[in-house]
Structure formats: structure tokens, C-alpha cells
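Undergrad: What shape does this take:
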Amino acid sequence: MSGGVGTTSLATALRAQDGGVHRGERVQVLVCRATTESLLRAATAIGRMPGQPILAVNAVDGARPGRAVTARMTLIAPYTARTVLLPHVARWRELPRPIDDIRALTTAARRDLDRSSRRWLDAVDQIAGTAPTAPRAASTLVPMVGHVLRPERAR
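TA: Modelled structure (predicted):
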């Protein structure tokens, strides 16, 4: 939706093309931040594009999204293929090149990762349609009306 929302991070993890800032074109995955302003922009874009994209919502901090953000995600969810909340990974703010860490995460064994990294990768799997809770289908654009997916707790 705008710069700095996490599109490059997610594209790297999915091994997908980074489309940059959304300019109205149809996309498979639309990325925004977990703020009411960013979600409002996402809702406007989703309402104008054909099809139902997956909405990836990046948490802005380690706290759970507030009521206003959760309500907006719930309102948008029926118009998306899936709405997935990506948890915050605090250490990425401290790294000079967090993208290198994301590349390493995608090839590491999950059991070797810290909890926040595992939860983030679980959310990426939900976006990709490969998580056990994701719908089984040939395409990742199968409508799943009214569901906001959150990464399952790592055990």
C-alpha cells in the first residue's frame, strides 16, 4: 500500500516478485500494516480491483492489534481470498539488512528458530496456502469468506 509495509520481506520469503507500492493493478497478495489508515487504503484498493487478493497485514509491534484494527480486518476479510496477520519480529529493526535474515529463515529448520521467527514463517505458509490450516486447493486465490487467519502458536 505504501513503502515500508513489508512487501519486500514477504516477497523474499515467498520467492515471489516484489511489486513495490500498489498502483491499482491486480495482485495476488496485497501487503499493508496493522494500522487503521493502512487497512483503509487496502480496503479501497481491494474494492477497486477484480478478484480477491490475499491480504497480508504486518503487525507494527509485538502487541496484539487493537479493537479498531481487528474490526477493520474483520470487515475486509470477506472481500479477500484470505486475510493473514504477520506477527512482528522485533530483532529485524536492529539488523542493518533484515532481508538477509529472512532469506536464512526460509531455509532453516523450524526447530532451530526462535518463536517469533517460527510464527512469522507460519503466517507466510498461510499466505502461500501450504499451512495445515490453509484451504487445500490448486490456487491460492480460493475464497475463504470472513476468516482472519492468525499464525498458530508454535509448540
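
Undergrad: Can you tell me the centre-most residue of the chain?
TA: residue 56 (2.6 Å; C-alpha atoms, centre = their mean).

Undergrad: Find the nearest non-adjacent residue to that one, please.
TA: residue 31 (4.6 Å; C-beta to C-beta, 6 or more residues apart in numbering). (Each C-beta comes from the backbone N, C-alpha and C, glycine too.)

Undergrad: can you tell me which helix or strand that neighbour belongs to?
TA: For residue 31, the host element (DSSP states H and E) is strand 29-33.

Undergrad: what helices or strands is the next helix-or-strand element following that strand leaning on?
TA: Next helix or strand after strand 29-33 toward the C-terminus (DSSP H and E): helix 36-48. Counting contacts by 3 or more C-beta pairs under 8 Å, 6 or more residues apart in numbering; DSSP states H and E, helix 36-48 is packed against strand 29-33, strand 54-58, helix 67-76.

Undergrad: Just the buried residues of stretch 54-65, please?
TA: Neighbour-count burial for stretch 54-65 flags 54, 55, 56, 57, 58, 59, 65 (criterion: 16 or more other C-beta atoms under 10 Å).

Undergrad: List the contacts of the third one.
TA: Under the criterion of C-beta atoms under 8 Å, 6 or more residues apart in numbering, the contact list for residue 56 reads 6, 10, 29, 30, 31, 32, 84, 86, 123, 127.

Undergrad: mind running it again at 6 Å?
TA: Contacts for residue 56 (C-beta atoms under 6 Å, 6 or more residues apart in numbering) come out as 10, 29, 31, 84, 86, 127.
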